[in-house]
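# what shape does this take:
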Amino acid sequence: AGSGGMAAEGDVELELETEPNGSGGGGDGAGGRAAEKPRKHDSGAADLERVTDYAEEKEIQGSTLETAMSVIGDRRSREQKAKQEREKELAKVTIKKEDLELIMTEMEISRAAAERSLREHMGNVVEALITLTN
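Numbers count the residues shown, from 1 in each chain. The predicted structure is shown next:
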């Protein structure tokens with residue numbers, strides 16, 4: 001009976017052993033899958049984070065680009081206005097036809113370039129020539 005009890009105990013032990021092993025094996029399989037799942041999930045989260053970072057970076061770059069463009073635009077329009085004012089001022093300057101022709105022949109430049117130089121120097125042919133020769 002004692003040995004029968006032993007056998008029964010042995011059987012129970014065997015059963016206990018196979019059961020945890022079986023579920024353990026299943027657990028391992030499931031565990032293995034479970035272990036893989038979080039890893040995949042983590043990488044997914046990491047990828048998503050990267051995408052989010054990238055998108056945020058893009059937004060930041062986009063806004064700084066827009067700001068820069070508007071600054072450049074403002075500066076351009078200011079320069080454009082300044083240029084127009086300057087052109088108006090230069091157009092008011094009276095220049096002599098002889099001075100203009102002198103600069104054109106002496107410097108061998110176009111009428112427009114000669115006229116501009118002469119106007120920039122308030123009609124002073126000497127200063128215009130000096131600037132052109134330098």
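
# poorly predicted segments of the protein, please.
Applying pLDDT under 70 to the chain picks out residues 1-46, 48, 51-52, 55-57, 59-60.

# again, only this time at 80
Residues of the chain meeting the criterion pLDDT under 80: 1-63.

# ok, residue 70 to residue 114 distance?
As judged by Cβ to Cβ, to the nearest Å, residue 70 and residue 114 stand 39 Å apart. From N, CA and C alone the C-beta is placed, and that goes for glycine too.

# these two: which has the busier surroundings?
residue 114 (25 against 10; other Cβ atoms under 10 Å).

# contacting residues for the more buried one?
Shown in contact with residue 114 (Cβ atoms under 8 Å, 6 or more residues apart in numbering): 100, 103-104, 107, 128.

# could you rerun that using 10 Å?
Counting by Cβ atoms under 10 Å, 6 or more residues apart in numbering, residue 114 touches 95, 99-108, 125, 128-129, 132.

# what's the following helix or strand after the helix or strand containing residue 91?
Here residue 91 sits within helix 2-92, counting by DSSP states H and E. Next helix or strand after helix 2-92 toward the C-terminus (DSSP H and E): helix 97-107.

# and that following helix, which residues are buried?
Neighbour-count burial for helix 97-107, with 16 or more other Cβ atoms under 10 Å as criterion, is recorded at 99-100, 102-104.

# contacts for it?
With Cβ under 10 Å, 6+ apart as the test, helix 97-107 has contacts from 95-96, 109-115, 117-119, 121, 123-126, 128-129, 132-133.

# could you identify the helix or strand that succeeds that helix?
helix 111-120.

# pull out the buried residues from that following helix.
So for helix 111-120, counting by 16+ other Cβ under 10 Å, buried means 114-115, 117-120.
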